[in-house]
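Trainee: sequence and predicted structure, then a few things I'm wondering about:
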Amino acid sequence: MKLNSTSPKIAVIGAGSVGSTVAYTLMVKSLASQITIIDIDDKKEKGEVLDLGDGLCFVETGCIKGGDFPDAADADIIILTAGVAQKPGETRLQLADKNKAIAKSIFKKIGKIKKTAVVIVISNPVDVITYTVQKATKLPANQIFGTGTGLETARLKTLLSRLTKINPQSIDGFVMGEHGDSGFVAWSSVNIGGSPIKKFFKTDKELADLEKRVKTEVYEIIKRKGATFYGIAMVVSEIVEAVALNQRRVMPVSTKLSAYNGVSGICLGVPAVIGAKGVVKTWPIKLTAEEKKKFQASAKKIKQYLK
């Protein structure tokens, strides 16, 4: 991306493994005129800013700096990564209460946000935190959305690529529902080079085993290295690019739903058109009866935590 006068100012809230990797990926892809990193740990924040700054001579990104929470108020894009991290053996939803409180506190400290700002939520459980941030700010709901099932969808494409020896960019389809254990692969949406998935996998067991790998690989990564951050950073960079260039790309994100496959009033991972103002619209996917049942069960699970 070639920087110009409309290239966004981006604030990354949280300088942990995810936040710092997101900032690095955005810098390398030259997606921002300015990246501000904000964290309650001033020492860690300063270290990340200094380290990233050493690479500015190789990219077009204009500036990397540290800041305080109010500095995010004039950002064009705010990326929330702060929160308690998921531990080995812990589900994302077990983080809900602590991270809801953290998210509310952060946006209270930021204050009045730029009216045209887009907020991208990564903090887990992302569907719950996205809803919480929507309530905590006065921005339109379409301008606040989460990464949702973007990482699972990317993981699905990678696994299918390895098995079929086809480039993942030639694979389409979505993981939908919760960014968590009740999410599911919408196999009816999946195709490889335009051919339905069942042309490549003949039995339901093969697909069920694949879906299990998509959903459980996160626990394997956390057990081995403590956290996932490279994949999600790439997902975020694609979302930011869609916003910055008004690409109107169909991407899986967590957004507030209204009568979408029988679900309303909560945030859940679905395909949506992403442009300059965030979610332009949700993208209609006709699910099978079984998939629709899974989607609604996932919604029920999220609603329990919102109560």
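Mentor: Structure received.
Trainee: right, and the helix or strand after the helix or strand hosting Lys215?
Mentor: Per DSSP states H and E: Lys215 is located in helix 204-225. Following helix 204-225 in sequence order, the next helix or strand is helix 230-244 (DSSP H and E).
Trainee: hmm, back to that, average pLDDT across the helix holding Lys215?
Mentor: On average, the pLDDT along helix 204-225 is 93.
Trainee: buried residues in it?
Mentor: By neighbour count on 16 or more other C-beta atoms under 10 Å, the buried set for helix 204-225 is Leu207, Leu210, Glu211, Val214, Lys215, Glu217, Val218, Tyr219, Ile221, Ile222. Just so you know, the C-beta spots here come from the backbone N, C-alpha and C atoms, and that holds for glycine as well.
Trainee: point to the residue nearest the middle of this structure.
Mentor: Per C-alpha atoms, centre = their mean, the C-alpha nearest to the average position across the chain is that of Thr147, at 1.6 Å.
Trainee: circling back to that earlier point, and the angle from the helix holding Lys215 to helix 230-244?
Mentor: Calculated by axes from the mean of the first three to the mean of the last three C-alpha atoms, to 10 degrees, helix 204-225 forms an angle of 100 degrees with helix 230-244.
Trainee: renumber starting at 11 from here on
Mentor: Let's use 11 as the start, then, which means that last one is helix 214-235.
Trainee: tell me how far helix 214-235 lies from the chain's centre.
Mentor: Helix 214-235 sits 19 Å away from the centroid of its parent chain (C-alpha atoms, centre = their mean, to the nearest Å).
Trainee: Ser199 versus Gly63, what's the distance?
Mentor: 42 Å (C-beta to C-beta, to the nearest Å).
Trainee: who has more neighbours, the two?
Mentor: The neighbour comparison of Gly63 against Ser199 (other C-beta atoms under 10 Å) goes to Ser199, with 20 against 13.
Trainee: which strand or helix spans that one?
Mentor: strand 194-202.
Trainee: what's the mean pLDDT across the helix or strand just after that strand?
Mentor: Using DSSP H and E, the helix or strand that directly follows strand 194-202 along the chain is strand 205-206. For strand 205-206, the mean pLDDT works out to 95.
Trainee: name the strands paired with strand 205-206 and say parallel or antiparallel.
Mentor: Here strand 205-206 is paired, per DSSP bridges, with strand 194-202 (antiparallel).
Trainee: for the partner strand, what is the average pLDDT?
Mentor: 97.
Trainee: again with stretch 24-40
Mentor: On average, stretch 24-40 scores 97.
Trainee: pLDDT below threshold where in the stretch 61-210 of the chain?
Mentor: For the stretch 61-210 of the chain, the stretches with pLDDT under 70 are 96, 99-102.
Trainee: can you classify Met186 by secondary structure?
Mentor: strand (DSSP: H, G, I helix; E, B strand; the rest coil).
Trainee: any idea how far Ser133 is from the residue nearest to it when sequence neighbours are not counted?
Mentor: Among residues not flanking Met186 along the chain, Ala196 sits closest, at 5.0 Å (C-beta to C-beta, 6 or more residues apart in numbering). From Ala196 across to Ser133, the span is 25 Å (C-beta to C-beta).
Trainee: pretty sure the residue nearest to Met186 sits against Lys296.
Mentor: No: assessed by C-beta atoms under 8 Å, Ala196 is found out of contact with Lys296, at 9.7 Å.
Trainee: hmm, who's touching the helix or strand where Val290 lies?
Mentor: According to DSSP H and E, Val290 maps onto strand 288-292. With contact meaning C-beta atoms under 8 Å, 6 or more residues apart in numbering, strand 288-292 is reached by 128, 152-155, 253, 258, 263, 265, 267, 270, 280-284.
Trainee: is Met244 in contact with Ala164, as I believe?
Mentor: Yes: if you go by C-beta under 8 Å, Met244 and Ala164 touch, sitting 7.2 Å apart.
Trainee: give the helix, strand or coil label for the residue of the chain positioned farthest from its centre.
Mentor: Relative to the centre of the chain, the most outlying C-alpha is that of Lys212, 31.7 Å out, by C-alpha atoms, centre = their mean. Of the three states, Lys212 takes coil under three-state DSSP.
Trainee: any idea how far it lies from Pro206?
Mentor: Distance, Lys212 to Pro206, using C-beta to C-beta: 12 Å.
Trainee: show me the protein divided up by domain.
Mentor: Using automatic domain parsing, the domain parsing of the chain gives 19-156, 160-316.
Trainee: starting at the chain centroid, how far to the shortest one?
Mentor: On the basis of C-alpha atoms, centre = their mean, the separation between the geometric centre of domain 19-156 and that of its chain is 12 Å.
Trainee: where exactly do the helices run in the stretch 11-160 of the chain?
Mentor: 27-38, 52-63, 106-120, 136-146, 160-174 (DSSP state H, counting those that start in this stretch).
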